[in-house]
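1. predicted model, plus sequence, below.
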Amino acid sequence: MRLIAFKNQAGAPTLGARIGNDVVDLTARGLPATLDELLRDPGGLDAARTAAHAPGERLALAGLALLPPLQQPAKAFAIGLNYVDHAAESNFAPPAHPVLFQRFPSSWVAHGVAIERPRVSVQFDYEAELVAVIGKGGRYIPKERALEHVAGYSLFNEGSIRDYQFRSNQWLWGKNFDRSGGFGPEFVTADELPPGAAGLQIQCRLNGQVMQDANTRDMIFDVATLVAACSDGMALQPGDMIITGTPSGVGLARKPPVWLKPGDVCEIEVEGVGVLRNPVIDEA
């Protein structure tokens, strides 16, 4: 099942199920208006499946104003240096433990919405990443049970302002500029993908040119390991998200460096999950 968040005709957040080029308005059929709320109900996804296939009106996907799949996740973990080749191009040794930092909802926009190069820097970089979304909460989750806690997956362009990222040993500053990242276009339930979304091609294209091309099997810490590790420190809640890291090929490591600029179009694709596309503009 593939769920999208969008604005209805009144401009209110709405949850839909995409079936081909059509969308079933689940909110109009009595379900919550956001994926966040749907996941807090243990029977929410089953109810969505039933409602999605019930007879009734469908909307055309084309023309809908999409929103990020999650509106206000309690926790949005991001993982640094989770591919060996990216750690090497960044002049870091492969980490012995997951490298965690946080992204705030103010730092991302939906599919199709422009990401912004800030006024204070031109070092605006792209990062193709898979997102794992938690469906069942827990603390001290064992790795062998961790995938039972993953409801599904999505895509992220982990836009980064490199000079601010490396002003200190903590990366949060350069990873959280307003509207610097993309998230979406949809949430894909875990049963549509291989366990742990492993073995899927992951790619970033900039203006059609392939900049990153790898496979999710190359993660140093797979999805199950990341879920278990995050839950060691804090209780996971339905709707929490883990942005699982990027492979090699980022703009920073190229000679000369490649930075995002106004007029560019950046696409993130993971096999079986979809394509996230965002144009680039300068901050107003």
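-> Now that the structure is in, tell me what you want to look at.
2. in the helix or strand bottoming out on mean pLDDT in the chain, what's buried?
-> Ranked by mean pLDDT, DSSP states H and E, the helix or strand of the chain with the weakest confidence is helix 84-89, at a mean of 91. Burial within helix 84-89, assessed by neighbour count using 16 or more other C-beta atoms under 10 Å, is assigned to 84, 86, 87, 89. Backbone N, C-alpha and C define where each C-beta goes, glycine included.
3. quick check, nearest of the residues you listed to residue 21?
-> Nearest to residue 21 among the buried residues of helix 84-89: residue 86, at 35.3 Å, using C-beta to C-beta.
4. residues contacting that closest one?
-> For residue 86, the contact set (C-beta atoms under 8 Å, 6 or more residues apart in numbering) comprises 245, 246, 247, 248, 249, 250.
5. most neighbours out of the residues you listed, which is it?
-> Using other C-beta atoms under 10 Å as the neighbour criterion, residue 246 leads the contacts of residue 86 with 30 neighbours.
6. you'd agree that residue is in a helix?
-> No. Checked against DSSP: H, G, I helix; E, B strand; the rest coil, residue 246 lies outside a helix; its state is coil.
7. show me what contacts it?
-> So residue 246 contacts 82, 83, 86, 127, 128, 129, 158, 212 (C-beta under 8 Å, 6+ apart).
8. from residue 187, how far off is residue 42?
-> Noted for residue 42: a distance of 17 Å to residue 187, by C-beta to C-beta, to the nearest Å.
9. which one's more surrounded, these two?
-> Ranked by neighbour count (other C-beta under 10 Å), residue 42 and residue 187 place residue 187 first, with 28 against 10.
10. wait, isn't that one in contact with residue 15?
-> No. If you go by C-beta atoms under 8 Å, residue 187 and residue 15 don't touch, sitting 9.5 Å apart.
11. shared neighbours of these two, anything?
-> Residues within reach of residue 187 and of residue 15 at once, by C-beta under 8 Å, 6+ apart, are 3, 4, 35.
12. show only the entries of those residues found in helices.
-> Per DSSP state H, helices hold the following members of the shared contacts of residue 187 and residue 15: residue 35.
13. burial count for the residue lying closest to residue 105 once chain neighbours are set aside?
-> Leaving aside its chain neighbours, residue 105 sits nearest to residue 72 (6.1 Å; criterion: C-beta to C-beta, 6 or more residues apart in numbering). Look at residue 72: counted by other C-beta under 10 Å, it has 11 neighbours.
14. do the same with residue 217
-> Residue 217 has 14 nearby residues by other C-beta under 10 Å.
15. quick one: buried ones out of the contacts of residue 246?
-> For these, buried by 16+ other C-beta under 10 Å: 82, 83, 86, 127, 128, 129, 158, 212.
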